[in-house]
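*Asks:* Turn this into a structure:
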Amino acid sequence: MPELPEVEVTRQSLQKLAGAQVQRVRLGAALRWPLGVAPEHLVGRTITEVARRGKYLLLRLDEGVLLVHLGMSGRLALVDAALPPGKHDHVDVFTDVGLLRLHDPRRFGAVVWAAGEEAAEARKLLGRLGVEPFSEAFTVAHLQQGVAARRAPIKQVLLAGDIVVGVGNIYASEALFLARIRPTRAANTLKPREVVRLHAAIVEVLARAVREGGSSLRDFQSPEGVNGHYQHEAHVYGRAGEPCRVCGQAVRMIRQGQRSSFYCLRCQK
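*Replies:* Next comes the predicted model:
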């Protein structure tokens, strides 16, 4: 599933859409949620900004906003308007600067229109999201307050996304390794110095993943068709049985809430 770095890479690549005018919208097979408005309603609207909130891309219009989620395998790309849609191309937004196409083989993605980011449709998707990891609101004190009230394993607390957004499965394992914290630790047992390390690790891991173009484990490519490279630099994620890059002990894999967690028994306490 594309996580925050992959969505941020996509956002950065689509900045050329700012100022573009929508000429036509084509809908293919139904996605997770309906568009919420007749496609004709979007014709003539101008895309004023391409933003991101958590794992959602926000195509802000001069009237309303399109919220785009890539689901498990979705990818957005600007393609030639003459290129016919394939079997897994489910949304086409024709603009005067190119055709924005959502390709989604598993159809867990979505494109939803809302009258604004305070509208009920948008609040339903965005209202419970935590703070952005690159924002001034994400402080050590904020993270400390969030984890202090949670007895669940710290990995599960990070994945919930209501304290800080975007720390998905790959990057939670990586951040916890850098912070030297075992993923099974109860969140409320973290000491202040460990919270400081975790805060720094979250920011470092996500920022580095964005610089590396994200992680391409299965389907993800940037809108230009380029694979991400972070997966080649992972310390523990996807490396079960391989030697820890720090101490040499074999990396372990366990299941937490139906997700794989990777860690080093010696380096993480």
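*Asks:* residue boundaries of the strands in this structure?
*Replies:* Secondary structure of the chain (DSSP state E): strands located at 22-27, 47-53, 56-61, 65-69, 75-79, 89-95, 98-103, 110-114, 252-256, 259-263.
*Asks:* Nearest to R151, out of the ones you listed?
*Replies:* strand 252-256 (14.4 Å; C-beta to C-beta). C-beta here means a position set from N, CA and C on the backbone, and glycine is covered the same way.
*Asks:* Neighbouring strands of that closest one in the sheet, and parallel or not?
*Replies:* Strands that pair with strand 252-256, judged by DSSP bridges, come out as strand 259-263 (antiparallel).
*Asks:* Tell me which residues of the partner strand come out buried.
*Replies:* Judged by neighbour count using 16 or more other C-beta atoms under 10 Å, the buried positions of strand 259-263 are 261-263.
*Asks:* Would you format these as TSV with distance to Y230 and pLDDT included?
*Replies:* Rendered in TSV, the data for the buried residues of strand 259-263 read as follows (distance: C-beta to C-beta, whole Å; pLDDT from 0 to 100):
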residue	distance to Y230	pLDDT
S261	18	97
F262	14	98
Y263	18	98
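*Asks:* Could you provide the residues you listed in JSON lines, with additional columns for distance to C244?
*Replies:* Supplementary listing: those in JSON lines, determined by distance: C-beta to C-beta, whole Å:
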{"residue": "S261", "distance to C244": "15"}
{"residue": "F262", "distance to C244": "10"}
{"residue": "Y263", "distance to C244": "9"}
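*Asks:* thinking again about what came up before, to G238, which of the strands of the chain lies closest?
*Replies:* The stretch from the strands of the chain with the least distance to G238 (C-beta to C-beta) is strand 259-263; that distance is 6.9 Å.
*Asks:* P39 versus G54, what's the distance?
*Replies:* For G54, the distance to P39 under the criterion C-beta to C-beta, to the nearest Å works out to 26 Å.
*Asks:* Compare neighbour counts for those two and give me the winner.
*Replies:* A count of neighbours by other C-beta atoms under 10 Å puts G54 above the other of G54 and P39, at 22 against 16.
*Asks:* Okay, now the unreliable bits of the stretch 51-200 of the chain?
*Replies:* When residues are selected by pLDDT under 70, none of them lie in the stretch 51-200 of the chain.
*Asks:* can you pull out the helices in it?
*Replies:* When assigned using DSSP state H, counting those that start in this stretch, the helices of the stretch 51-200 of the chain occupy the ranges 120-126, 140-148, 154-160, 169-179, 192-211.
*Asks:* I'd like those helices written out as a markdown table, with distance to S222 and mean neighbour count added.
*Replies:* Written out in a markdown table, the entries for the helices of the stretch 51-200 of the chain read as follows (distance: least, C-beta to C-beta, whole Å; neighbours: other C-beta atoms under 10 Å):
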| stretch | distance to S222 | mean neighbour count |
| --- | --- | --- |
| helix 120-126 | 24 | 16 |
| helix 140-148 | 30 | 16 |
| helix 154-160 | 24 | 22 |
| helix 169-179 | 17 | 25 |
| helix 192-211 | 11 | 18 |
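*Asks:* can you redo those helices as JSON lines with distance to A186?
*Replies:* Formatted as JSON lines, the entries for the helices of the stretch 51-200 of the chain read as follows, by distance: least, C-beta to C-beta, whole Å:
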{"stretch": "helix 120-126", "distance to A186": "29"}
{"stretch": "helix 140-148", "distance to A186": "9"}
{"stretch": "helix 154-160", "distance to A186": "7"}
{"stretch": "helix 169-179", "distance to A186": "13"}
{"stretch": "helix 192-211", "distance to A186": "12"}
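*Asks:* right, so of those, which gets closest to L78?
*Replies:* Going through these one by one, with C-beta to C-beta as the measure, helix 192-211 comes closest at 19.7 Å.
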